[in-house]
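Student: With the input below, show me the fold.
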Amino acid sequence: MSTTTPKSAGNSPSPSTIAKSLLTLVGSVRAVFGIGCLTVPSLAIQFIGLKPTSFSPEASLIVRQFGVREIVVGGFLLYAERKRRAASPTNGGDEVRRAIWWNVATDALDAVALVIAYGVGSLQGGAVFNKMLGTALVMVFLGVETAVLYR
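Tutor: Prediction:
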């Protein structure tokens with residue numbers, strides 16, 4: 001007679017501590033950066049590497065809208081994990097994995113948009129382009145790594 005408990009369909013082992021830490025890191029970074037964009041767009045513009053004096057008030061509005069997106073996407077990731085923990089510590093976390101993949105898709109599309117903008121000449125290469133593309137790709141990597149570890 002076996003002493004192991006059979007795994008019920010739909011349940012998988014609890015996600016690793018590394019996966020949960022990565023998830024919290026990615027969600028928190030997104031949310032905090034979003035709050036910064038929303039509340040202090042000129043500082044967010046400087047963080048990206050652009051000069052805030054070269055931006056019109058309309059450009060600040062776009063940065064604020066970007067901030068709202070980051071708050072929502074990061075918050076969704078954090079909320080999904082919190083909801084999973086409240087439901088069951090050993091739940092497979094399908095909603096969390098879905099949130100992770102939406103984060104990956106958002107960052108991948110950001111990278112594609114940057115490459116297209118560079119390709120058509122509306123964005124010059126250089127430090128700002130490299131920083132923005134590098135950030136998008138790092139976030140894609142962290143998201144994929146989190147999704148792989150979150151089993």
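Student: make it CA atoms for all contacts and neighbour counts henceforth
Tutor: Fine.
Student: now the helix or strand where residue 116 lies, how far from the centre of its chain.
Tutor: Per DSSP states H and E, residue 116 falls inside helix 94-119. From the chain centre to the centre of helix 94-119 is a distance of 8 Å (C-alpha atoms, centre = their mean, to the nearest Å).
Student: just checking, what packs against that helix?
Tutor: helix 57-87, helix 127-149 (3 or more C-alpha pairs under 8 Å, 6 or more residues apart in numbering; DSSP states H and E).
Student: quick one: residue 31 and residue 73, what's the gap?
Tutor: 8 Å (C-alpha to C-alpha, to the nearest Å).
Student: With neighbour numbers in mind, choose between the two.
Tutor: residue 31 (24 against 21; other C-alpha atoms under 10 Å).
Student: Just want the most central residue of the chain.
Tutor: Compute the mean C-alpha point of the chain, and by C-alpha atoms, centre = their mean the closest residue is residue 103, 4.5 Å away.
Student: and that residue, what is it in contact with?
Tutor: 73, 74, 77, 140, 143 (C-alpha atoms under 8 Å, 6 or more residues apart in numbering).
Student: buried set for the helix-or-strand element of the chain with minimal mean pLDDT?
Tutor: Across the helices and strands of the chain, mean pLDDT, DSSP states H and E gives its lowest value to helix 41-48, namely a mean of 84. Neighbour counts over helix 41-48 (16 or more other C-alpha atoms under 10 Å) mark 41, 42, 44, 45, 47 as buried.
Student: would you list these in JSON lines and tack on distance to residue 66?
Tutor: Output for the buried residues of helix 41-48, formatted as JSON lines (distance: C-alpha to C-alpha, whole Å):
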{"residue": "41", "distance to residue 66": "10"}
{"residue": "42", "distance to residue 66": "13"}
{"residue": "44", "distance to residue 66": "10"}
{"residue": "45", "distance to residue 66": "11"}
{"residue": "47", "distance to residue 66": "14"}
